[in-house]
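Undergrad: Curious how this folds, go ahead:
(one chain, ligands or ions: 1)
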Amino acid sequence: MKILVLTGSPHQKGTTSYLADMFCEGAKEAGHEIYRVNTAKTDVKPCLGCDYCRRNDGECVYSDDMNNIVPYLLEADGIVFVSPLYYFGMTAQIKRVIDRFYAVNSKLRSKSKKAFLISAGSDEDAWAMDGIKAHFQSMCKYLKWEPSGNLLVLGAAKREDVEGTLYSREAKVLGMESFGY
Ligand SMILES: Cc1cc2nc3c(=O)[nH]c(=O)nc-3n(C[C@H](O)[C@H](O)[C@H](O)COP(=O)(O)O)c2cc1C
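TA: Purely as a prediction, here's the structure:
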């Protein structure tokens, strides 16, 4: 299966990129094909809401790195959203990419996909993840994608809080079992 992994942290070697590494390791071991994009390193402009795409068959008014992401997005059988918790939601870096889904909404809604959410935040309170979970669920509902698993780690301020822990194992298992064996 083809899996698109979108990561959203500016930290190249941070908490969530480590969890993404583990997910990818598991998914590769299970034979899946991974295309991974660190959205924080891409040149993807925020959606202008100009509706140029509506008048031009899904073509965006911008020509930027989204051109490289869209073909993988359309083709993927699974999408993994990986973001540190920033103000109880995903980072602006990954959200820029998600907002640009708008240009290809109808194509995205016509192919069923499995979707996964991986996040980590330093807060300890379980409610801290309510917002990001709700956002993920709503996106899946709208896009007609199947929410297929999540790993939401509380009390994780830095990579060392997850490295070599049960969370690391959980991320790997999530990748391995994402589409069954
Ligand atoms: C701008 C900013 C906002 C944050 N907001 C939250 C938050 O709302 N809740 C939380 O638990 N942690 C919050 N954090 C902490 C990060 O989520 C946490 O340090 C995470 O492990 C960073 O992951 P990364 O290394 O993958 O970037 C915030 C950190 C930053 C820099």
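
Undergrad: State the distance from the residue sitting furthest away from the middle of the chain to residue 108.
TA: Relative to the centre of the chain, the most outlying C-alpha is that of residue 55, 27.9 Å out, by C-alpha atoms, centre = their mean. Going from residue 55 to residue 108 by C-beta to C-beta, to the nearest Å gives 19 Å. Placement of C-beta: from N, CA and C, glycine included.

Undergrad: again, but for residue 79
TA: Taking C-beta to C-beta as the measure, residue 79 falls 9 Å from residue 108.

Undergrad: Between these two, which contacts overlap?
TA: The contact sets of residue 79 and residue 108 overlap at residue 73 (C-beta atoms under 8 Å, 6 or more residues apart in numbering).

Undergrad: ok, those two, which is more surrounded?
TA: Shown here are residue 79 and residue 108; by other C-beta atoms under 10 Å, residue 79 has more neighbours (24 against 21).

Undergrad: How about the contacts made by that one?
TA: So residue 79 contacts 3, 4, 5, 6, 73, 113, 114, 115, 116, 145 (C-beta under 8 Å, 6+ apart).

Undergrad: partners of residue 80 in the sheet?
TA: Per DSSP bridges, the residues bridged to residue 80 are residue 5, residue 116.

Undergrad: what residue ranges in the chain score low on pLDDT?
TA: 181 (pLDDT under 70).

Undergrad: Up against the ligand, what does it have?
TA: Within the chain, the positions adjacent to the ligand are 9, 11, 14-17, 84-88, 120-123, 128, 156-158 by C-beta under 6 Å from any ligand atom.

Undergrad: Of the residues you listed, keep whichever come out buried.
TA: Buried members of those, scored by 16 or more other C-beta atoms under 10 Å, are 9, 14, 15, 16, 17, 84, 85, 86, 120, 121, 128, 156.

Undergrad: Would you agree residue 15 is in contact with residue 120?
TA: Yes. The criterion here is C-beta atoms under 8 Å, and residue 15 meets it with residue 120 at 4.5 Å.

Undergrad: Now for the two: what residues contact both?
TA: With C-beta under 8 Å, 6+ apart, residue 15 and residue 120 have common neighbours 84, 153, 156, 161, 162.

Undergrad: can you tell me the helix or strand for the third one?
TA: Taking DSSP states H and E as the definition, one finds residue 156 inside no helix or strand.

Undergrad: what residues are up against the residue most central in space within the chain?
TA: The chain has residue 81 as the residue nearest its centroid, 1.3 Å off, counting by C-alpha atoms, centre = their mean. By C-beta under 8 Å, 6+ apart, the residues touching residue 81 are 6, 8, 90, 94, 98, 115, 116, 117, 118, 136.
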